[in-house]
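Enquirer: the sequence and its predicted three-dimensional model are supplied below.
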Amino acid sequence: MTANSSAEFRAWLADAVREIGAHSAGCVRMDNPVLRGQIERHNRQVASWLRAGLHGEMEYLERMFPDKADPWKTFPFAKSVIVMAFTNKWGDPAANHPFPVPDENALLGYISAYAKEADYHANGQRMLAELKAMLGNEIQAEAAVDTKAVDERLFAAVCGLGVIGGNGLLRMPDRTNVRVFIGCLFVDAELPEVIHTPKMPFGCSDCLACIKNCPTRAIEFGEPIDARKCISYLTIEKRSVLNLKEALMIGDWIFGCDQCTAVCPPKDKIDTRIPVDLEWLLKSSAGEIRRTIKGNAVEYAGVTQLRKNAVAVLKARNSSPRARELLLWVKKNTGSELIRSQFAAW
Ligand code: B12
Ligand code: SF4
Ligand code: SF4
């Protein structure tokens, strides 16, 4: 990389973003006082969020908090951070997924559209590795895409890639709305800053579609999320048994939830969720399911978690004779203690 001035680096970064297939990027110095101020303010908010127990069973957020709260200590070599927003065709009807197409009469559960295409963690890591190589081999750099103790939305907001929306997600100034992921590259060089001024077509306070459409009221305007009510938490992160109230909250979802992203303008015109045949999920061998989800974001949950959710979904709608029949089959055939406990939950 040869960029002598701030303008040259801005142009270089814009080209690099196009080359690696990302959406946009910015750069902030670790000694930027605005960054420090935002982190200090954010730390106070997160500390009170954790104290209130709004993170549920996500103990890792408690464990990671000291490292997240002090990026200067966590990345002691870092002088600058390049923050990147990217997508994986999230919300694109043409995006692929590995799940078999269910029959017309199948009992269905749904997976969030963000799990289409390759796992975003791997995709983001690949893009940041390419960016690091473009910066030059002499540069020391560490990448984080949901994989390290980093408040990614905060860094993105400080770089002006977008604003924090009503759903707590980074909302982009163009039509990509909130359907982007974020990655950070901590770099040991003093790079010129690239801070954007996001021009939003309208403010969240004039919309609130995500809040009005959240089926469980996990998000409220100006309030931090109550993760314990969020379907994404209940289906992905909550590894213990779901009680009846929680099972009713998840509805038909078995992994993630699209409500507060799909309604963000421009609203999705068609349903991009991934429909999954619950009979296939529950009756196929664990090996087959494992092979199907390999390399997909769903792999993070694992087979037992998906099946536990499927059982909760079926039990909560046990009015259907086919659902009852399938549940009886699983009860007889499951070897999983967790799934047995899910049966016995109510
Ligand atoms: C834990 C976690 C979750 C939890 C908690 C959600 C949450 N909102 O925090 C659960 C499991 C529920 C979840 C769900 C989802 N997640 Co998630 N999640 C994370 C993770 C790992 C940590 C977030 C965290 O620490 N939260 C703790 C809370 C207290 O802190 P906070 O929300 O950051 O702080 C609040 C305020 O301080 C303020 N704020 C935050 N930063 C800033 C900065 C400035 C300048 C200002 C003014 C304010 C401000 O807004 C926040 C919301 O109130 C991040 C990755 C990461 N390492 O950051 C991904 C991440 C936030 N998730 C992501 C995604 C995609 C999702 C889902 C859409 C997935 C899905 N379809 O099911 C849903 C969306 C649900 C929702 N509305 O948030 C993306 C979001 C991308 C984006 N566009 O913003 C991230 C960034 C992962 C990534 N690398 O791309 N997630
Ligand atoms: S992911 Fe679903 S449950 Fe969670 S905040 Fe968004 S709409 Fe609500
Ligand atoms: S749905 Fe509306 S309120 Fe929510 S993030 Fe998108 S623009 Fe903002």
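Expert: All right, it came through fine. In this text, all values refer to a predicted model and were calculated from it rather than measured experimentally. Ligands and ions are numbered 1, 2, ... in the order given.
Enquirer: those residues of this protein touching ligand 2, which are they?
Expert: For the chain, the residues in contact with ligand 2 (Cβ under 6 Å from any ligand atom) are N167, C214, T216, A218, I219, C230, I231, S232, C257, Q259, C260. In this view, the C-beta of every residue, glycine as well, is placed from N, C-alpha and C.
Enquirer: surely the fourth one meets A227?
Expert: Yes. With contact defined as Cβ atoms under 8 Å, A218 counts as touching A227 (7.1 Å).
Enquirer: for these two, list the residues in contact with both.
Expert: The overlap between the contact sets of A218 and A227 (Cβ atoms under 8 Å, 6 or more residues apart in numbering) consists of Y233.
Enquirer: more neighbours, these two?
Expert: Per other Cβ atoms under 10 Å, whichever of A218 and A227 has more neighbours is A218, with 25 against 20.
Enquirer: contacts only, for the more buried one.
Expert: Per Cβ under 8 Å, 6+ apart, neighbours of A218: I225, D226, A227, R228, K229, C230, I231, Y233.
Enquirer: repeat for H121
Expert: Counted by Cβ under 8 Å, 6+ apart, H121 has contacts V145, D146, T147, A297.
Enquirer: name the element it belongs to?
Expert: Assessed by DSSP states H and E, H121 sits inside helix 120-135.
Enquirer: does ligand 1 sit close to the next helix or strand along the chain from that helix?
Expert: Downstream of helix 120-135, the next assigned helix or strand under DSSP H and E is strand 141-144. No. Judged by Cβ under 6 Å from any ligand atom, strand 141-144 and ligand 1 are separated, with a smallest distance of 7.2 Å.
Enquirer: in its sheet, which strands sit next to strand 141-144, and in what direction?
Expert: Paired neighbours of strand 141-144 in the sheet (DSSP bridges): strand 181-187 (antiparallel).
Enquirer: what pLDDT, on average, does the strand it pairs with get?
Expert: Per-residue pLDDT values across strand 181-187 average out to 98.
Enquirer: gap between it and the chain center?
Expert: 15 Å (Cα atoms, centre = their mean, to the nearest Å).
Enquirer: all helices for the stretch 201-346 of the chain, in order.
Expert: Using DSSP state H, counting those that start in this stretch, the helices of the stretch 201-346 of the chain run over 209-213, 231-232, 244-250, 259-262, 278-283, 286-293, 303-316, 321-333, 337-343.
Enquirer: right, and those helices - which one's nearest ligand 1?
Expert: Minimum separation from ligand 1 across those (Cβ to the nearest ligand atom) falls at helix 231-232, 3.3 Å.
Enquirer: what does the closest one contact?
Expert: Contacts of helix 231-232 (Cβ under 8 Å, 6+ apart): S112, P215, T216, A218, M249, I250, G251, W253, G256, C257, Q259.
Enquirer: pLDDT added to those residues, as TSV?
Expert: Below are the contacts of helix 231-232 laid out as TSV (pLDDT from 0 to 100):
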residue	pLDDT
S112	97
P215	97
T216	98
A218	98
M249	97
I250	98
G251	96
W253	98
G256	98
C257	98
Q259	96
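Enquirer: quick check on those: which are buried?
Expert: S112, T216, A218, M249, I250, G251, W253, G256, C257, Q259 (16 or more other Cβ atoms under 10 Å).
Enquirer: OK, contacts around the fourth one?
Expert: Same thing as M249. P215, T216, K229, I231, L234.
Enquirer: again, 7 Å this time
Expert: Counting by Cβ atoms under 7 Å, 6 or more residues apart in numbering, M249 touches T216, K229, I231, L234.
Enquirer: same deal with the first one?
Expert: For S112, the residues meeting the contact criterion (Cβ under 7 Å, 6+ apart) are F255, G256, C257, D258, R273.
Enquirer: can you tell me how far the first one is from A301?
Expert: In this structure, F255 and A301 are separated by 6 Å, where distance is defined by Cβ to Cβ, to the nearest Å.
Enquirer: which one's more surrounded, these two?
Expert: For F255 and A301, the more surrounded residue by other Cβ under 10 Å is F255, and the numbers stand at 27 against 22.
Enquirer: tell me which of the helices of the stretch 201-346 of the chain lies nearest to R18.
Expert: With Cβ to Cβ, the closest approach to R18 among those belongs to helix 259-262: 24.4 Å.
Enquirer: quick one: that closest one near ligand 1?
Expert: Yes. Contact of helix 259-262 with ligand 1 (Cβ under 6 Å from any ligand atom) involves C260, T261.
Enquirer: what's in contact with that helix?
Expert: So helix 259-262 is contacted by N167, V178, R179, C210, N213, C214, P215, I219, D268 (Cβ under 7 Å, 6+ apart).
Enquirer: same question for stretch 157-168.
Expert: Residues contacting stretch 157-168 (Cβ under 7 Å, 6+ apart): 24, 26-28, 34-35, 38, 83, 85, 153, 156, 170-173, 178, 195-198, 200, 204, 207-208, 210-211, 219, 221, 225, 260, 264.
Enquirer: among those residues, which ones are buried?
Expert: 24, 26-28, 35, 38, 83, 85, 153, 156, 170-173, 178, 195, 198, 204, 207, 210-211, 219, 225, 260, 264.
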